[in-house]
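Engineer: Just to be clear, the model below is a prediction. Sequence and coordinates:
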Amino acid sequence: MGFEVLLKGSNMLRLLEGLSTALNISLISVAISLVLGIILGILMAMHNRVVLFFSKIYLEIVRIMPQMVLLFIVYFGSTKVIGINLSAETASIIVFSFWGAAEMSDLVRGALKSIPTIQYESSAALSLSSFMTYRYIIMPQVVRMLIPLSINLITRMIKTTSLVMMIGIVEVLKVGQQIIEANRTASPNAAFWVFLVIFLLYFAACWPISLLSRFLEKKWKV
Amino acid sequence: MDFNVVISYIPTYVDAFLLTVKIGWIGIAFSLVIGILSAFIMHFKIPVLSQIVAVYIELFRNTPLLVQLFFIYFGLPKIGIVISAGTCGAVGLGLLGGSYMAEVFRSGLEGVSISQTESSLALGFSKTQMFIYVILPQAFSKSVPGIVANVIFLLKETSVFSAISLMDLMFRAKDLIGLYYNTTEALFLLVIFYVIMLLPVSFLGSVIEKKVVSING
Amino acid sequence: MSEILKVKNISKKYENTIIFENLNLSVQKGEVLVIVGPSGCGKSTFLRCLNALEDIQEGEIILDGEVINSDAHNLRKIREKIGMVFQSYELFPHMTVLQNVILAPVKVKKIDKKEVTKKALELLNKVGLLSKKDSYPRQLSGGQKQRVAIVRALMMEPEILLLDEITAALDPEMVKEVLDVVLSLAKEGRTMLIVTHEMQFARAVADRMIFIDEGKIVEEGNPKEFFDNPKSERLKRFLNNFNYVETN
């Protein structure tokens, strides 16, 4: 059959470890993306021409360049061009944060823009200071919009991290290949089960987060 | 960077580019067909089928393309389903994209207001006529921004094809870096060809979106 | 009666367009002033200038002896004295009714929350919305939202209240519940500047009527004279539009 491979020794555990390698990279990248994205998003909402010009170029690069290409540039290019030997993990965190921060900044900008001017005016009419207006009126609304979207960014980040196997990180797909390779003669059909299980593992990691994001989005809809 | 090397690599990259673009757009065509069918099935709540479609959408939206391709290309042959790498790429991209397109079309259909349905029925249209002449065009124009975003997303996803040994752009770049250490030249051409593939689509997409936004009001 | 608000020769202009020019106005304490005029005549913009949501290019607005302009250092202090209610309610969607109405007094005036809450409940009770105190704005009808917005403005104990087309977005059957509240405020002797299209209401509530057209005050007077015996052609035509609607 082939399924028995997964029950052999610590194979299942190894797959889970591989998955956690990928998850770790995505969580670190999400954390960096949130911080940088929020800062950049706020800067972009301020309508400074210079900021807008550079952020537009940045967002367009992220919009059209596959993460895979960026990963190659940073991982292989860094050694060649600036002579620094980045580890594959560092390279992937840099690339995924570069991507995530762009996505996040766009979400922040959109959320800030979606608060109508008259909400600022009605706060002013109540003589709230501009700090109070942000603290009590604008930010709470923006955060409610952003939380589901940021959670959604986590699932997208997790899916993206599957790419790291292409620059040699031993994550779940790589572990899968190793297991299949090691059992080539004993269980020639292992590939079906191993890759099915990996498929389902990713699903198990992402689906609950997607559901949570959708639930919060519905709950907080104005 | 050695431009003689760059120029000597161009023909191989052009081959790879054409292959990537071909499979990419075939995949996108699949995704549109799958997406529209799935959206109809969900919209009309066709029993059994709509449950199957719902499971399909959740499964493919919540897993990476790379994992989907590994399962289709390396896993399925073990139970007797053997397909070529090219077909696998197009099918995988189509299935992934279909699940995204389905959501776009579905919310497009839901976005057409009930009063539009009622007013067209009041004008004496049959249900089929109403759907074809009133609902579909509006749903489609509401879906355009989502379609554009998905097309760009799917074209970018083609960059994982090399994992199932398709001779695409990534595959070439990897090859040249691994074999000849011409890293800079290989990466330079990689970027150039992805820009050629995506910049026009991105630009055209923005133009179409603006047009449609003005139609939607 | 003492003068509370004085508007001297103010003008509002954008690059090529003049919204209004050389407007003069004096409002006495306790007076209810109703401003009417065709759409786009500048009456809403005029109201927004009074608490510096829009800046003016010429002239002076003096409230209680203090000059208002958008860069005044004490702008917030001045705005505490001016309450404003908007056409689109503008309740804060993430807060309950009670939170909406106590926010400004607690944060801006730093009044004790218990005290503010007690007063808020009284006012909500007065407008018939005590039972909705823990609801969110999205759970309220338009008329209910607007009554909350009025309470929110009153909570700051403003000396003057600006009402900008507060019934324009409401379904007809909800208009009365809001206007009744305004009418009772007038009876309490509140100073109000009201922009509206509800002519019967204007007649009932106003101490003085003002007609603005093309950025100028064309006619003003007591409501009886204003409605029964308009002098200018433009006001006659304007009022006729409403009669036409009503008699058909």
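Structural biologist: Thanks, I have it.

Engineer: can you pull out the strands in chain C?
Structural biologist: Applying DSSP state E to chain C gives strands spanning C:3-13, C:18-28, C:32-36, C:58-63, C:66-68, C:82-85, C:160-164, C:191-195, C:208-213, C:216-221.

Engineer: ok, the first one: who's next to it in the sheet?
Structural biologist: Taking DSSP bridges as the criterion, strand C:3-13 pairs within the sheet with strand C:18-28 (antiparallel), strand C:58-63 (antiparallel).

Engineer: most tightly surrounded among the strands of chain C?
Structural biologist: Ranked by mean neighbour count, the strands of chain C are led by strand C:82-85 with a mean of 26 (mean count of other C-beta atoms under 10 Å in any protein chain shown). Bear in mind the C-beta positions are built from the backbone N, C-alpha and C, glycine included.

Engineer: residues in contact with that strand?
Structural biologist: Residues from elsewhere that reach strand C:82-85 (C-beta atoms under 8 Å, 6 or more residues apart in numbering or on different chains): A:122, A:125, C:47, C:50-51, C:53, C:63, C:146, C:149-150, C:153-154, C:156, C:158-164, C:166.

Engineer: after the strand or helix carrying A:Lys56 comes which helix or strand?
Structural biologist: Per DSSP states H and E: A:Lys56 is located in helix A:49-64. Per DSSP H and E, helix A:49-64 leads on to helix A:67-72 as the next helix or strand towards the C-terminus.

Engineer: Mind checking the pLDDT average for that next one?
Structural biologist: Per-residue pLDDT values over helix A:67-72 give a mean of 94.

Engineer: what's in contact with the next helix or strand after that helix?
Structural biologist: Counting by DSSP H and E, the next helix or strand C-terminal to helix A:67-72 is helix A:78-82. The contact list for helix A:78-82, computed with C-beta under 8 Å, 6+ apart, reads A:Ile84, A:Asn85, A:Leu86, A:Ala91, B:Thr183, B:Thr184.

Engineer: Take these and lay them out in TSV including pLDDT and secondary structure.
Structural biologist: As requested, the contacts of helix A:78-82 are arranged in TSV below (pLDDT from 0 to 100; DSSP: H, G, I helix; E, B strand; the rest coil):
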residue	pLDDT	secondary structure
A:Ile84	82	coil
A:Asn85	84	coil
A:Leu86	88	coil
A:Ala91	95	helix
B:Thr183	88	helix
B:Thr184	88	helix
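
Engineer: Tell me the buried residues within those residues.
Structural biologist: Among the contacts of helix A:78-82, those that count as buried by neighbour count (16 or more other C-beta atoms under 10 Å in any protein chain shown) are A:Leu86, A:Ala91, B:Thr183, B:Thr184.

Engineer: near chain A, anything from the lengthiest helix in chain B?
Structural biologist: Scanning chain B for the helix with the most residues, using DSSP state H, yields helix B:3-43. No: contact of helix B:3-43 with chain A (C-beta under 8 Å from any C-beta of the partner chain) is absent, the minimum separation being 10.4 Å.

Engineer: on that earlier part again, now flag whichever of the buried ones among the contacts of helix A:78-82 is closest to chain C.
Structural biologist: A:Ala91 (40.6 Å; C-beta to the nearest C-beta).

Engineer: Can you tell me the closest non-neighbouring residue to that closest one?
Structural biologist: Of all residues not flanking A:Ala91 in the chain, A:Tyr75 sits nearest, at 4.0 Å (C-beta to C-beta, 6 or more residues apart in numbering or on different chains).

Engineer: do the same with C:Leu25
Structural biologist: Ranked by C-beta to C-beta, 6+ apart and with sequence neighbours excluded, the top spatial neighbour of C:Leu25 is C:Val7, at 4.0 Å.

Engineer: Return the member of the strands of chain C having the minimum mean pLDDT.
Structural biologist: Mean pLDDT values for those show the minimum at strand C:66-68, a mean of 84.

Engineer: from the middle of its chain, how far away would it be?
Structural biologist: Relative to its chain's centre, strand C:66-68 lies at 19 Å (C-alpha atoms, centre = their mean, to the nearest Å).

Engineer: What helices and strands are in contact with it?
Structural biologist: strand C:58-63, helix C:75-80 (3 or more C-beta pairs under 8 Å, 6 or more residues apart in numbering or on different chains; DSSP states H and E).

Engineer: quick one, what contacts the residue nearest to C:Asp171 when sequence neighbours are not counted?
Structural biologist: Among residues not flanking C:Asp171 along the chain, C:Gly142 sits closest, at 6.4 Å (C-beta to C-beta, 6+ apart). Neighbouring residues of C:Gly142 by C-beta under 8 Å, 6+ apart: C:Tyr89, C:Ala169, C:Leu170, C:Asp171, C:Met174.

Engineer: Filter the residues you listed down to the ones in helices?
Structural biologist: Of the positions in these, C:Met174 sit in helices, assigned by DSSP H.

Engineer: for the contacts of C:Gly142, which one is nearest C:Asp134?
Structural biologist: Nearest to C:Asp134 among the contacts of C:Gly142: C:Tyr89, at 18.0 Å, using C-beta to C-beta.

Engineer: roughly how far apart are that closest one and C:Val151?
Structural biologist: Using C-beta to C-beta, to the nearest Å, C:Tyr89 is found at 12 Å from C:Val151.

Engineer: Next, give phi and psi for the closest residue in space to A:Met65 that isn't next to it in sequence.
Structural biologist: Closest residue to A:Met65 apart from its sequence neighbours, by C-beta to C-beta, 6+ apart: B:Tyr194 at 6.2 Å. The phi and psi values for B:Tyr194, taken as degrees, to the nearest 10, are phi -70, psi -30.

Engineer: what does C:Phe86 give?
Structural biologist: Phi and psi for C:Phe86, reported as degrees, to the nearest 10, are phi -100, psi 160.

Engineer: how distant is the worst-scoring helix or strand of chain B on mean pLDDT from the center of its chain?
Structural biologist: Using mean pLDDT, DSSP states H and E, the weakest-scoring helix or strand in chain B turns out to be helix B:114-122, at a mean of 82. Taking C-alpha atoms, centre = their mean, the mean C-alpha location of helix B:114-122 is offset from the chain mean by 33 Å.

Engineer: Centre of the chain to the helix or strand following that helix, how far?
Structural biologist: Counting by DSSP H and E, the next helix or strand C-terminal to helix B:114-122 is helix B:127-129. The chain centre lies 30 Å from the centre of helix B:127-129; the measure is C-alpha atoms, centre = their mean.

Engineer: I'd like the average pLDDT over helix B:127-129.
Structural biologist: pLDDT averaged over helix B:127-129 gives 85.

Engineer: The top helix by length along chain A packs against which elements?
Structural biologist: When chain A is parsed with DSSP H, its longest helix is helix A:11-45. Judged by 3+ C-beta pairs under 8 Å, 6+ apart, the packing partners of helix A:11-45 are helix A:4-7, helix A:49-64, helix A:88-114, helix A:139-160, helix A:172-182, helix A:190-219.

Engineer: What helices and strands are in contact with the last one?
Structural biologist: So the one you mean is helix A:190-219. Judged by 3+ C-beta pairs under 8 Å, 6+ apart, helix A:190-219 is in contact with helix A:4-7, helix A:11-45, helix A:139-160, helix A:172-182, helix B:49-61, helix B:65-70.

Engineer: can you do 7 Å?
Structural biologist: Packing partners of helix A:190-219 (3 or more C-beta pairs under 7 Å, 6 or more residues apart in numbering or on different chains; DSSP states H and E): helix A:4-7, helix A:11-45, helix A:139-160, helix A:172-182, helix B:65-70.

Engineer: Flag the shaky bits of the chain, pLDDT-wise.
Structural biologist: In the absence of a named chain, this looks at chain A. By pLDDT under 70, the low-scoring segments of chain A are A:1, A:222.

Engineer: please go with chain B instead
Structural biologist: For chain B (pLDDT under 70), the answer is B:215-217.

Engineer: And the residue of chain C that's closest to chain B?
Structural biologist: Proximity of chain C to chain B (C-beta to the nearest C-beta) peaks at C:Asp171, 16.4 Å away.

Engineer: Find me the pLDDT at that residue, would you?
Structural biologist: On pLDDT, C:Asp171 comes in at 89.

Engineer: What's the local residue count around it?
Structural biologist: For C:Asp171, the neighbour count with other C-beta atoms under 10 Å in any protein chain shown is 10.
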